[in-house]
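[1] Fold the following and give me the result.
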Amino acid sequence: AGHSLGGTAMATYANHHDKPHHKIDGIIFLASYPTPFIENLRNDPYQVVSIYATEDGLTSISDIENSKKLLPEDTRFVEIEGGNHAQFGYYGEQNGDNPAAISREEQQSIIMQEFYRLLSSI
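    Okay, the predicted model is just below:
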C-alpha cells in the first residue's frame with residue numbers, strides 16, 4: 001500500500017520485484033495511482049484497490065479516472081465522500097489540500113475497512 005507519491009513508488013516496486021521471494025498479491029493506492037510514464041499494471045495478477053477522496057486538493061478525481069486504463073479491469077475504486085488528502089495520514093494540514101467535510105476518524109475507518117476487505121480476500 002502507498003499514499004500519494006508512496007503509491008507511485010509502491011507500483012514501481014511491485015512491477016519490478018514480483019519474484020517468488022517478493023510475493024505480492026494485493027495493492028492499495030491511497031490518493032495515488034501509477035503513472036503512465038512509469039508503470040502499467042493492467043495485465044498484472046494483483047488484486048487492486050484505489051481509495052480516493054472527493055475533497056482531495058492534490059490527487060484529483062480526474063487523476064484517478066485517468067489511471068483506470070493502467071490498472072486491472074477488476075480494480076475496486078472506493079470514493080470517500082468528504083475526505084481530503086491529508087486525512088489519509090496523521091500529519092496535519094497540507095498546502096494545496098482542501099478542507100475535509102468528514103472527520104479524520106471517519107475517513108480512517110473507511111480506509112481500514114478496505115484494508116481488511118482486501119487482506120481477507122487474499
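[2] tell me which residues in stretch 112-122 are buried?
    114-115, 118 (16 or more other Cβ atoms under 10 Å). C-beta coordinates here come from the backbone N, C-alpha and C atoms, glycine included.
[3] sorry, that was for stretch 91-105
    For stretch 91-105, using 16+ other Cβ under 10 Å, the buried residues are 94, 97-98, 100, 102.
[4] Same list, the buried residues of stretch 112-122, but as CSV with pLDDT, secondary structure and distance to His85 please.
    Conversion of the buried residues of stretch 112-122 to CSV gives the following (pLDDT from 0 to 100; DSSP: H, G, I helix; E, B strand; the rest coil; distance: Cβ to Cβ, whole Å):
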residue, pLDDT, secondary structure, distance to His85
Glu114, 97, helix, 17
Phe115, 95, helix, 18
Leu118, 94, helix, 21
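[5] Dump the residues you listed into JSON lines; add distance to Ile61 as well.
    Output for these, formatted as JSON lines (distance: Cβ to Cβ, whole Å):
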{"residue": "Glu114", "distance to Ile61": "17"}
{"residue": "Phe115", "distance to Ile61": "21"}
{"residue": "Leu118", "distance to Ile61": "21"}
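[6] just the strands in the protein please.
    2-3, 26-30, 47-53, 76-80 (DSSP state E).
[7] Which elements pack onto the longest one?
    Right, strand 47-53. strand 26-30, helix 61-67, strand 76-80, helix 104-121 (3 or more Cβ pairs under 8 Å, 6 or more residues apart in numbering; DSSP states H and E).
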